[in-house]
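Trainee: here are the coordinates; sequence isn't available:
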C-alpha cells in the first residue's frame, strides 16, 4: 500500500508474517489466544553463537521467540523508507550511504559514531583502558536478533533517579523510557532497579515470560547477583526452543522449564518474576518481555509485591494468607504448570507470610473448563470478583468501556461473538445489578501517524501485530477504534 502525505511517499508492506499475534493479557496470566496459521518459514540452518562483527547486519534467521517477534525483528532490520521526507525525530540517523535505510540512534555518542564513519582513514589512537574493556565486552556478546544498535547503553544518568517509596496502596509502577526528560521518569522503575540490592539480597529467581534475550537479561542483574541461579519458564517449542537453549549455553547458572500447552491455541504469555532473598520473598507481575526493546522506549507497567517475610518454624499450611487469598491463588496457578522445576518454589512460597497483599490475582491457564471451573481463570474470574466485591453506582450506565491493546487477534464475524458477548459484559459487571444494555466501548489502537511520531518511529510497528487477513474479516471492529 502506497500513500502520499505531507512527509513524502511511504510504503507499508502487508504480510501474514504476524499472524502469530502477540497480545498482552492481564499481567501474570497464561492466556490461550486464537491465532491464524503462520506463513511457511524456511527451514532454519544450524546456529552458532559467535562474537558480533562490527557493522555486520544481523541475519533474520537469528530471531528468537514466536513468529510475531520474528516479524518484528525483520521489520526493524528493514524499516519503511521515505522519499523526499524532511528530517524526523532528532534521534534518527540519516539514511546510510549504502542504501540500507535509516536506523535508530540510542545516544549522542552513536550520532558521533556515524559521523566518524564518513571520515576517510581517521587517525588511529590507542584507546583508554575503559574503552578497551568495553570493546572486549562488545566482542564477546552474541549477535542480537534485534539489530546492531540493540546493545547500546542508556545515558550515564539514566539510572541515577532515586527508587520510589514502596509503601503506597497499589504498588503499581511504570517503567523508565529512554529519550524522555528525567522528570517524566520520576517514580518509574527499570529492570535494573527491580533487581538491585536496594530491594533485598537476591539468592535465586524465576523469570516467566514470552520472549527472552538471555545475554541481555543476565546483564541486568547487578554484579553481585549476576551468577545467582535463574530458572526460565517459557512456552517455546521445536526450533524456537532450540534457539532459546542455545542462548543459555554460555550461562551455566541459567536453567529452563517449558510450560505444557495442551491445547492448540495455548500461548505462554505470563510475565512474572519470583525473587527469593536472604530477607524474604517477592513477586513482580509485569507487561514487559525480557528483551531490551520492551524496556527501552515503550511504556510498560508492573506490580511489585511487598517483601514477604519467612513464617516462624512450625506454622500451619494456612498461615500467611492475605484477605484476597493471593497466596492460595498463586500456589494454584504454579501448580497448574505440573512442572517438577517449580516444586521447590511452591514449597518456598508456603513458608512465607503473604498476608500484606492487597490485590487479587487473575491468572489464566490453557484448557477447556466447564461449570464452576470456568470462573477460576481468565476474564470470567475477573467477572466473578467484580460481581462479589463491588456495588452498583448511580449513573454507571453512562460509564464507557475503554480498552488499549498492542495486538489484535480474531474476534469473530460480529461483536456478539466475543467482544460484546463476553469481554464487554465482564468489564461492565458492577455488583449484583442487572446487565447494562449496550454501554459505549472505545478501543485504543495506534494509527500509522502515532507510530511514525513515536520515539522509535516506524520500527515500533513491529510490536503491533494485526494481520491484514484477520483485519479484513472483522471490518466491523473499526467502528470501535479510537
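Mentor: Arrived safely, thanks for sending. Here the structure is a predicted model, which is why all the values come from computation and not from measurement. Numbers count the residues shown, from 1 in each chain.
Trainee: right, and the helix or strand after the strand or helix carrying residue 192?
Mentor: Per DSSP states H and E, residue 192 falls inside helix 191-194. Under the assignment DSSP H and E, the closest C-terminal helix or strand after helix 191-194 is strand 202-208.
Trainee: That next one pairs with which strands?
Mentor: Applying DSSP bridges to the sheet, strand 202-208 is found paired with strand 230-234 (parallel), strand 272-277 (antiparallel).
Trainee: got the contact list for the helix holding residue 192?
Mentor: 159, 163, 175-176, 220, 222, 273, 284, 288, 295, 302, 304 (CB atoms under 8 Å, 6 or more residues apart in numbering). (Each C-beta comes from the backbone N, C-alpha and C, glycine too.)
Trainee: can you list these in TSV and add secondary structure?
Mentor: Output for the contacts of helix 191-194, formatted as TSV (DSSP: H, G, I helix; E, B strand; the rest coil):
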residue	secondary structure
159	helix
163	coil
175	strand
176	coil
220	helix
222	coil
273	strand
284	strand
288	coil
295	helix
302	strand
304	strand
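Trainee: Now a PyMOL select for only the buried ones of these.
Mentor: Provided next is the PyMOL selection string for whichever of the contacts of helix 191-194 are buried by 16 or more other CB atoms under 10 Å:
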select buried, resi 175+176+220+273+284+288+295+302+304
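Trainee: I'd like the contacts of helix 191-194 laid out as a markdown table, including distance to residue 440 and pLDDT.
Mentor: Putting these into a markdown table (distance: CB to CB, whole Å; pLDDT from 0 to 100) gives the following:
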| residue | distance to residue 440 | pLDDT |
| --- | --- | --- |
| 159 | 42 | 60 |
| 163 | 40 | 55 |
| 175 | 31 | 94 |
| 176 | 34 | 93 |
| 220 | 42 | 96 |
| 222 | 48 | 96 |
| 273 | 37 | 98 |
| 284 | 34 | 98 |
| 288 | 31 | 96 |
| 295 | 34 | 95 |
| 302 | 30 | 96 |
| 304 | 33 | 95 |
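Trainee: picking that back up, quick one, which of the strands paired with strand 202-208 is nearest to residue 433?
Mentor: Shortest distance between residue 433 and the strands paired with strand 202-208, using CB to CB, is found for strand 272-277: 33.3 Å.
Trainee: Need the residues that contact the closest one.
Mentor: Contacts for strand 272-277 (CB under 8 Å, 6+ apart): 27-28, 194-195, 199-209, 281-286, 307, 345, 348-349.
Trainee: hey, where'd the helices end up in this protein?
Mentor: Under the criterion DSSP state H, helices of the chain are mapped to 67-77, 108-117, 129-140, 191-194, 214-220, 238-248, 292-296, 326-335, 343-350, 378-389, 425-427, 448-452, 468-473.
Trainee: Packing partners of the shortest one?
Mentor: Under the contact criterion of 3 or more CB pairs under 8 Å, 6 or more residues apart in numbering; DSSP states H and E, the helices and strands touching helix 425-427 comprise helix 378-389.
Trainee: Flag every buried residue along the helix it packs on.
Mentor: 378-385.
Trainee: Walk me through the domains of this protein.
Mentor: If you go by automatic domain parsing, the domain ranges for the chain are 157-350, 376-480.
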